[in-house]
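[1] Structural data only, the sequence is not supplied:
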């Protein structure tokens, strides 16, 4: 059986390999970015109950910071900016309370929102205190429930939806719609 390889077959194969390499490179770069906790810009609002909820959350390349918004008895809205150092201090204090079993994050949510420290830790714990603490927090089911109860931002909702979709055990699809376990070519030989 004689096998011939045309220039067209070589070019098509080379282009296919280049496209697949580029796509897999993009995917691994994206996965690396998802694993590292991103610094955050938060807008936290005090509710009439005195509890706090995150109303806006955006990843930022600069340092983490937050705007804390409250309304006084006259209906006047007040805003103050918390720096990354202030956020870290607050998150660290709340994490220590959590380790001692004295934080709202240790129990089931009791309505919408939490204290300011719990809200900050729930929204940006990994970014402020590091990966190890962020991973430990995410392994706590009460923490995750409180995080959902205190974070009303669209970013949080979309991040949770994409996280639940990827953890559902579905097979990954290639650019061409095939699952990763299927081959791209046919079983026939070149030029035969």
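    On my side now, so go ahead. These numbers were taken from a predicted model, which means no experiment stands behind them.
[2] and residue 66, that one's in a strand?
    Yes - the assignment for residue 66 is a strand, going by DSSP: H, G, I helix; E, B strand; the rest coil.
[3] Mind listing the residues bridging to the nearest residue to it once chain neighbours are set aside?
    Computed as C-beta to C-beta, 6 or more residues apart in numbering, the closest residue to residue 66 that is not its neighbour in sequence is residue 42, at 4.0 Å. (Each C-beta comes from the backbone N, C-alpha and C, glycine too.) Note on residue 42: beta-bridge partners by DSSP bridges are residue 57, residue 66.
[4] give me the number of residues near residue 42?
    25 (other C-beta atoms under 10 Å).
[5] contacting residues for it?
    54, 56-57, 64-67, 120, 123-124 (C-beta atoms under 8 Å, 6 or more residues apart in numbering).
[6] ok, residue 77 touching residue 71?
    Yes - counting by C-beta atoms under 8 Å, residue 77 touches residue 71, with 5.3 Å between them.
[7] more neighbours, these two?
    Set residue 77 next to residue 71 and count neighbours by other C-beta under 10 Å: residue 71 wins out with 13 against 9.
[8] per-residue pLDDT, the more buried one?
    We have a pLDDT of 92 for residue 71.
[9] Quick check, it in contact with residue 79.
    No - Residue 71 is not in contact with residue 79 according to C-beta under 8 Å; the separation is 10.3 Å.
[10] Can you tell me how far residue 131 is from residue 148?
    The gap separating residue 131 from residue 148 is 21 Å, by C-beta to C-beta, to the nearest Å.
[11] now residue 118
    For residue 118 relative to residue 148 (C-beta to C-beta), the value is 13 Å.
[12] more neighbours, those two?
    Set residue 118 next to residue 148 and count neighbours by other C-beta under 10 Å: residue 118 wins out with 27 against 14.
[13] Point out the other helices and strands that the strand or helix carrying that one packs with.
    Element membership for residue 118, per DSSP states H and E: helix 116-129. Packing partners of helix 116-129 (3 or more C-beta pairs under 8 Å, 6 or more residues apart in numbering; DSSP states H and E): strand 39-46, strand 52-60, strand 65-71, helix 84-99, helix 131-138, helix 141-150.
[14] quick check: angle from that helix to strand 65-71?
    170 degrees (axes from the mean of the first three to the mean of the last three C-alpha atoms, to 10 degrees).
[15] Surely residue 113 and residue 148 touch.
    No - applying C-beta under 8 Å, one finds residue 113 not in contact with residue 148, separated by 11.5 Å.
[16] For the helix holding residue 118, the averaged confidence score.
    Helix 116-129 comes out at a mean pLDDT of 90.
[17] quick one: that helix to helix 84-99, angle?
    Going by the same axes, to 10 degrees, helix 116-129 makes 110 degrees with helix 84-99.
[18] No further queries at this time; thank you.
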